[in-house]
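K.L.:
sharing a sequence plus its predicted fold:
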Amino acid sequence: QVQLVESGGGLVQAGGSLRLSCAASGRTFSTYAMGWFRQAPGKEREFVAVISWGGSRTYYADSAKGRFTISRDNAESTAYLQMNSLKPEDTAVYYCATSRGNIDYTPLAAGAYDYWGQGTQVTVSS
C-alpha cells in the first residue's frame, strides 16, 4: 500500500508560480515513476508530467512544456511540480500518482498508475 500526500496548492495570480509536493510512503520510492495529473471542473482528468524512477527522464503535456518542471528526491520520497507562468486555464485539482509495476518507464495514461493522492487545488486568477 502506498500513501501519497500532495501539498503546495493555492490561489495565485496569472503569471505567478507554485510548487507542488507529493510525499510518498509505503513502498520503495525509487521503484516507480511519478506522474502528475489534473482535473478541472467538468473536464476529465488529464496528464501533466511524469518522471522516471531514477529521475533521468521526464515527459510533459504540451500545455506544461516550458512552464512546468517535474522533479523528485528519492532520498526524501518526494516528487515535485514547479509551475511557472501560470494561466487561468491551469486552474484544477492536481494529483500525483505512482506507476504500476516495477518497470522503468514513463507512462502517460492514467490507467498505468495505481496509487493516487487526494489532490491539491490550484486556482489561477486573471
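P.N.:
In hand now; what should we look at?
K.L.:
ramachandran angles for the nearest residue to residue 109 once chain neighbours are set aside?
P.N.:
The shortest distance from residue 109 to any residue other than its chain neighbours is 7.4 Å, reached at residue 47 (CB to CB, 6 or more residues apart in numbering). C-beta: built from backbone N, CA, C; applies to glycine. For residue 47, the backbone dihedrals (degrees, to the nearest 10) come out as phi -70, psi 140.
K.L.:
then residue 89?
P.N.:
Phi and psi for residue 89, reported as degrees, to the nearest 10, are phi -70, psi -10.
K.L.:
quick one, what contacts it?
P.N.:
When contacts are counted by CB atoms under 8 Å, 6 or more residues apart in numbering, residue 89 touches 40, 63, 124.
K.L.:
let's see 10 Å
P.N.:
With contact set as CB atoms under 10 Å, 6 or more residues apart in numbering, residue 89 has these partners: 14, 40, 63, 124, 126.
K.L.:
residues near the first one, how many?
P.N.:
Applying other CB atoms under 10 Å, we find 13 residues neighbouring residue 14.
K.L.:
what sits against it?
P.N.:
Neighbour list for residue 14: 85, 86, 87, 88, 89, 90, 124, 125, 126 [criterion: CB under 10 Å, 6+ apart].
K.L.:
which ones among those are found in strands?
P.N.:
Among the contacts of residue 14, the ones falling in strands (DSSP state E) are 124, 125.
K.L.:
ok, of the contacts of residue 14, which one's closest to residue 115?
P.N.:
Residue 115 lies nearest to residue 90 out of these, by CB to CB, at 23.9 Å.
K.L.:
any idea how far residue 107 is from the residue nearest to that closest one when sequence neighbours are not counted?
P.N.:
Counting by CB to CB, 6+ apart, the nearest residue to residue 90 once its immediate chain neighbours are dropped is residue 124, at 5.1 Å. As judged by CB to CB, to the nearest Å, residue 124 and residue 107 stand 27 Å apart.
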